[in-house]
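Chemist: Here's a sequence, model it:
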Amino acid sequence: MGLILEYEGKELFKKHKITIFPSILANTVDEAKDAAKKLGFPVAVKAQVLTGGRGKKGWIKLAKSTEEVEEKFKEMSTSVKNHYGREFPFLIEKGADIKQEIFISMLIDADTLETLVLFSLEGGVDIETLAKERPEAIENFRYEFGKEVYPYHFMSGLGKRGLTGRIKVSIAKIISTLVNMMKIEDLQLAEINPLVITGDDQVVALDARIVVDDDATFRHPERENYLSEELRYTKEEADAKEHGLAYVDLGGDIGLMSCGAGMGMCTADLIAYFGKETGMYPRNFLDVGGGASPEKVEQALRIIVGESGLKSILINAFGGITRLDDVAKGIIEAKKKYNIEIPMVIRLMGTNQKEGVALLNEAGLEAFEEMEPAIQKAVALAKED
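Modeler: Now for the predicted structure:
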């Protein structure tokens, strides 16, 4: 699943005629000040980061002058960069006269294949607290996923919550539009928190939290150019993706390469289990997949050793459709090409295991046959470093 940036979500809202406030994307403080002047004060300065809870983190602030825009932009930009280690753009949005905040969220219930819609008249940053303390304040609706819905489906439920007239109709239209968007746009989550009622009784989406189905990108090729597609990956993750590898940064001390995602997750868990007493944990999850070629293994190790602070590397390869002699060739080539001096522990079992072990032995490397001893060895080497 892929969370997209607020402004990208609002482009989808605009496409489906959900009302939003005028806004301009800014990458620099000068662009932010120019945007604010064009929009008119007050404006909201909103960090475009791939996370929720921006209000609680202080990454959405109101500014009433160009001086305040500059102050808030610099303050939040520093905070965001300190948190993520990189810069993100900001959305400068026309300020709102808010009379009421409402919460709307919907997702796909995988068990029932229904779209679950959550609605509350008490939206805003404290919706999580509300769900815990007063769950009765949140209404829920369920509809068969993919079945087209209309505003009248929601009129009765909204009326029970005290909504009337044009506002009730407007909110029912927005909810039905979002439900239909789940299929049309291949969404896995669509949330507006808050949806606001303004002083002149307009109903406007003040935020957009959208998770798209990455497996449906072929139906929406424009998403390959989304800025969120670039920002959601670390340098290593982007590198791995380019080479057909699955990589996730976990922040520990032991580099991990596996042949198969299930094998990789199991290995990461066991590294954490055996390493917990000494504080040794996996640095990454990196799966080269089944049938990995020597070149793919070499690229995987290049990515792993590019990280600083590694104390050991564990390679866990089970050969089904993967030929372990190919894995061994990739390991040997990577060790030579990248001058790998970090302690390396290798486990091979399966197709062409003997041939792979023989190649490693010729290169002065050893291989374990069982998984747990190999993991324990990698943890012990990391501890010694």
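Chemist: Domain boundaries for the chain, per the record?
Modeler: Split into domains by automatic domain parsing, the chain comes to 22-95, 98-225, 233-384.
Chemist: Mind checking these for the one nearest to Leu5?
Modeler: Distances from Leu5 to each of the domains of the chain were compared using C-beta to C-beta; the shortest belongs to domain 22-95, at 4.7 Å. C-beta here means a position set from N, CA and C on the backbone, and glycine is covered the same way.
Chemist: how far is that closest one from where the chain is centred?
Modeler: Shown here is domain 22-95, whose average C-alpha point lies 21 Å from the average C-alpha point of the whole chain (C-alpha atoms, centre = their mean, to the nearest Å).
Chemist: again, but for stretch 202-209
Modeler: For stretch 202-209 - counting by C-alpha atoms, centre = their mean - the centre lies 22 Å from the chain centre.
Chemist: Buried deepest among the domains of the chain, which one?
Modeler: The densest packing among the domains of the chain, expressed as mean neighbour count by mean count of other C-beta atoms under 10 Å, is seen in domain 233-384 with a mean of 19.
Chemist: quick check: mean pLDDT across that one?
Modeler: Model confidence over domain 233-384 averages 94 on the pLDDT scale.
Chemist: circling back: just send the domains of the chain back as TSV, with distance to Glu8 too.
Modeler: Conversion of the domains of the chain to TSV gives the following (distance: least, C-beta to C-beta, whole Å):
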stretch	distance to Glu8
domain 22-95	9
domain 98-225	7
domain 233-384	16
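Chemist: Quick check: which of these is nearest to Leu12?
Modeler: If you check each of those against Leu12 by C-beta to C-beta, domain 98-225 wins as the nearest, at 6.1 Å.
Chemist: Give me the helices and strands touching the strand or helix carrying Phe141, please.
Modeler: Using DSSP states H and E, Phe141 sits within strand 138-144. Contacts defined by 3 or more C-beta pairs under 8 Å, 6 or more residues apart in numbering; DSSP states H and E place strand 138-144 against strand 114-120, helix 152-160.
Chemist: for those, which one sits closest to Asp126?
Modeler: Short answer: strand 114-120, nearest of those by C-beta to C-beta, at 10.6 Å.
Chemist: Can I get the closest one as PDB, trimmed to CA atoms?
Modeler: What follows is the C-alpha trace of strand 114-120 in PDB, where atoms were taken according to Å, rounded to 0.1, in the frame of the first residue of the first chain:
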ATOM      1  CA  GLU A 114     -17.000  -4.600   2.100                       C
ATOM      2  CA  THR A 115     -16.200  -0.900   2.200                       C
ATOM      3  CA  LEU A 116     -16.300   0.200   5.900                       C
ATOM      4  CA  VAL A 117     -17.200   3.900   6.300                       C
ATOM      5  CA  LEU A 118     -16.500   5.700   9.600                       C
ATOM      6  CA  PHE A 119     -18.100   9.000  10.300                       C
ATOM      7  CA  SER A 120     -18.100  11.400  13.300                       C
END
